[in-house]
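> coords please:
(chains A and B)
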Amino acid sequence: MKSTTPILLIDDDIVDSMSVKRALRELAAANPLQVFHHAEAALEHLRGAGVAPPGLILLDLNMPRMNGLEFLQELKADPQLRHIPVVILTTSREERDRAESFALGAAGYMVKPIGHDLFVSVMRTIVDYWTLSETAA
Amino acid sequence: MSQPPADGFAVTSEPASLLPSVGTPAFGAQELAMALNEHAIVAWTDSRGRITEVNDKFCAISQYSRAELLGQDHRMINSGHHPGDFFRVLWQTISQGAVWQGDICNRAKDGSFYWVKTTIVPFAGPQGRPSRYIAIRTDITERKRAEREQARLLGELTHINRELNQFAHIVSHDLKAPLRAIGAISGWLAADYADRLGPEAKDQLDLLLGRVRRLDALIDGILRYSRIGRTPEERLPVDMAALSAEVFELLAPPPGIEIVIARDLPVIQADRTRITQVLENLVSNAIKHLGRPDGRIEIGGRTEAGHWMFFVRDNGPGIERKYFDRIFQIFQTLSSRDERESTGIGLAIVRKNVEQCGGRVWVESTPGEGSTFHFMIPHPSSPSRFS
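Presented below is the predicted three-dimensional model:
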């Protein structure tokens, strides 16, 4: 992923979205962050004409209407979008959520920590890895 | 095609003579019939199932007189409880000369239902086909009622338990989101306004963050506690010596702490996850409360008749007898949370896990000398498991 490739965040919690934004700023990651509070809106955006695909999707699981797992299922079923890596960023430590996320093709699973410092270190790990990693498209 | 039943009751001349007349030196047919009449509900029928004789117990339980019953078939006491197939199979079995056994729900004259454990024995007539049947029944109405009640209670309990677990899960999740927000924003305030906040305000923000972490730990505790027993038990051999070593390695007690693992710890049959949680919590508890640099933690155990006994012993400050029960209750701590950051969930998790294995946990302690936590895990075949 290049430093100019956008990162897409889908999270209905405004403060969590702010945490991600802030962490990226502190990490001096240049990737533009696109934030969606609803999974349907994100899907609509991704399927829009002429949209540059994000290099990475950060996905919350517990959301009203379309939840994260449903979004993941739709994304991985879409030949145009399935190559985009998705990292789950959630509060759920449930075994079922973890198992299902990976079964649906998630590239990683991170539990949102309490406290900004820990949040930044989780984000650093994610961004470092995906900046180094080559992408499919 | 018809065969006399294997037990040799076949082909007698009179319905009342239950036994062959030879080979019973001690008791005759009369005595056996008397004894049977004291115990069982008995009916004799012809080849088409019409009642030719009943005993007093049959009349008593069905509430019909002998005169009302004779010449009728058993549809008279049909409760409608069983599907048509049930009686079709019954008739198929006995008309082929085989014994039928099963539980039947019947209806008495007043409309009430009763259950009978039933054995129907066919007796071959001159053509070799069953010409008569004897049905011997035992009243099991009370047992059936108890079984139904038990099943109902079990269903209810399962339902309530599931709801409680779901409740704990949902509540914890919903509590965590705002808590994370409070933690994040107070952290940002402290960072962004560092130059404008006085020392007092900084302390207060630190206190706020500390409380956020504490509440987070408590919510995690509820989650961990409610998760115990949600997965089905899987009994496998667990090498307690190896597991003890793993637990110490994972928890890494500070250097200087002496660790003793008894050499002869047995291999037990138990759910590994549960036993691991028991050992982890007991050892981490010991480490946390040792309060001295030259502490000692020892794990021992042995096989006894029907169960295994283990202990985790420390030479920490010890616990007063009056707290022996309280420490195993959820969220009970013996020191204020401001003195020692502790959720008070560890020993509750130990107890729930041990009890899920059918075992027991208790503590022995002398203040100033140390504490020994004992736990007993019953052998899989031990009856005490169900007590």
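> okay, helices next: where are they in the chain?
Picking chain A for this. For chain A, applying DSSP state H gives helices covering A:14-26, A:39-46, A:68-77, A:95-103, A:116-132.
> correction: the question concerned chain B.
For chain B, the helices defined by DSSP H cover B:29-39, B:56-62, B:66-69, B:84-95, B:141-192, B:199-227, B:240-251, B:272-289, B:346-356.
> would JSON lines of those with mean neighbour count and mean pLDDT be doable?
Every residue, glycine included, has its C-beta placed from N, CA and C. Formatted as JSON lines, the helices of chain B follow (neighbours: other Cβ atoms under 10 Å in any protein chain shown; pLDDT from 0 to 100):
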{"stretch": "helix B:29-39", "mean neighbour count": "13", "mean pLDDT": "90"}
{"stretch": "helix B:56-62", "mean neighbour count": "18", "mean pLDDT": "96"}
{"stretch": "helix B:66-69", "mean neighbour count": "14", "mean pLDDT": "95"}
{"stretch": "helix B:84-95", "mean neighbour count": "14", "mean pLDDT": "93"}
{"stretch": "helix B:141-192", "mean neighbour count": "14", "mean pLDDT": "88"}
{"stretch": "helix B:199-227", "mean neighbour count": "16", "mean pLDDT": "87"}
{"stretch": "helix B:240-251", "mean neighbour count": "17", "mean pLDDT": "94"}
{"stretch": "helix B:272-289", "mean neighbour count": "21", "mean pLDDT": "93"}
{"stretch": "helix B:346-356", "mean neighbour count": "21", "mean pLDDT": "93"}
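> between the helices of chain A, which one is closest to residue B:379.
helix A:95-103 (29.4 Å; Cβ to Cβ).
> what are the ranges of the strands in the stretch 1-150 of chain B?
Ranges of strands in the stretch 1-150 of chain B, per DSSP state E, counting those that start in this stretch, are B:41-46, B:51-54, B:100-107, B:113-124, B:130-139.
> show me what counts as buried in the longest one.
In other words, strand B:113-124. B:114, B:115, B:116, B:117, B:118, B:120, B:121, B:122, B:123, B:124 (16 or more other Cβ atoms under 10 Å in any protein chain shown).
> excluding covalently adjacent residues, which one is nearest to residue A:46?
Among residues not flanking residue A:46 along the chain, residue A:81 sits closest, at 5.6 Å (Cβ to Cβ, 6 or more residues apart in numbering or on different chains).
> that neighbour: neighbouring residues, count only.
Residues lying near residue A:81 (other Cβ atoms under 10 Å in any protein chain shown) number 18.
> surely it meets residue A:48?
No - Residue A:81 is beyond contact range of residue A:48, at 11.4 Å (criterion: Cβ atoms under 8 Å).
> hang on, the earlier thing: tell me the one among the buried residues of strand B:113-124 nearest to residue B:267.
For these, the nearest to residue B:267 is residue B:117 (43.7 Å; Cβ to Cβ).
> show me what from chain A comes close to chain B.
A:13, A:15-16, A:18-19, A:22, A:62, A:91-94, A:112, A:114-117, A:119 (Cβ under 8 Å from any Cβ of the partner chain).
> ok, residue B:79 - contacts?
B:105, B:106, B:107, B:113 (Cβ atoms under 8 Å, 6 or more residues apart in numbering or on different chains).
> and the buried ones among those, selectable in ChimeraX?
Restricted to buried positions by 16+ other Cβ under 10 Å, the ChimeraX selection for the contacts of residue B:79 reads:
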select /B:105,106,107
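> any idea of the pLDDT on the residue lying closest to residue B:289 once chain neighbours are set aside?
Spatial nearest neighbour of residue B:289, excluding adjacent residues (Cβ to Cβ, 6+ apart): residue B:316 at 4.9 Å. You'll see residue B:316 listed with a pLDDT of 91.
> would you confirm that residue B:316 contacts residue B:291?
Yes - applying Cβ under 8 Å, one finds residue B:316 in contact with residue B:291, separated by 5.8 Å.
> give me the more crowded residue out of the two.
More crowded of residue B:316 and residue B:291, by other Cβ under 10 Å: residue B:316, with 22 against 10.
> for the more buried one, which residues are in contact?
Here residue B:316 is in contact with B:286, B:289, B:290, B:291, B:292, B:295, B:370, B:371 (Cβ under 8 Å, 6+ apart).
> next, residue B:129: phi, psi?
phi -90, psi 150 (degrees, to the nearest 10).
> oh, I was asking about residue B:306
Dihedral pair for residue B:306: phi 80, psi -10, per degrees, to the nearest 10.
> may I ask which helix or strand of chain A has the lowest mean pLDDT?
helix A:116-132 (a mean of 90; mean pLDDT, DSSP states H and E).
> tell me which residues in it are buried?
A:116, A:119, A:120, A:122, A:123, A:126, A:127, A:130, A:131.
> can you name every helix or strand that that helix contacts?
Contacts defined by 3 or more Cβ pairs under 8 Å, 6 or more residues apart in numbering or on different chains; DSSP states H and E place helix A:116-132 against helix A:14-26, strand A:56-59, strand A:86-90, strand A:108-111, helix B:141-192.
> between those, which one is closest to residue B:61.
Per Cβ to Cβ, nearest to residue B:61 of the helices and strands packed on helix A:116-132: helix B:141-192, 8.6 Å.
> is that closest one in proximity to chain A?
Yes - using Cβ under 8 Å from any Cβ, helix B:141-192 reaches chain A at B:169, B:173, B:176-177, B:179-181, B:183-185, B:187-188, B:191.
> using PDB, write out the CA atom coordinates for stretch A:52-64.
Taking Å, rounded to 0.1, in the frame of the first residue of the first chain, the C-alpha atoms of stretch A:52-64 are listed here in PDB:
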ATOM      1  CA  ALA A  52      -9.900   4.700  -6.200                       C
ATOM      2  CA  PRO A  53     -10.100   1.500  -4.200                       C
ATOM      3  CA  PRO A  54      -8.700   1.900  -0.700                       C
ATOM      4  CA  GLY A  55      -5.600   0.000   0.300                       C
ATOM      5  CA  LEU A  56      -7.100  -1.200   3.500                       C
ATOM      6  CA  ILE A  57     -10.500  -1.300   5.100                       C
ATOM      7  CA  LEU A  58     -10.800  -1.000   8.900                       C
ATOM      8  CA  LEU A  59     -14.200  -2.500   9.900                       C
ATOM      9  CA  ASP A  60     -16.200  -2.400  13.100                       C
ATOM     10  CA  LEU A  61     -18.400  -5.400  13.700                       C
ATOM     11  CA  ASN A  62     -21.300  -4.200  15.900                       C
ATOM     12  CA  MET A  63     -23.200  -1.600  13.900                       C
ATOM     13  CA  PRO A  64     -26.900  -1.000  13.400                       C
END
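> before I go, just wanted to say thanks for your time.
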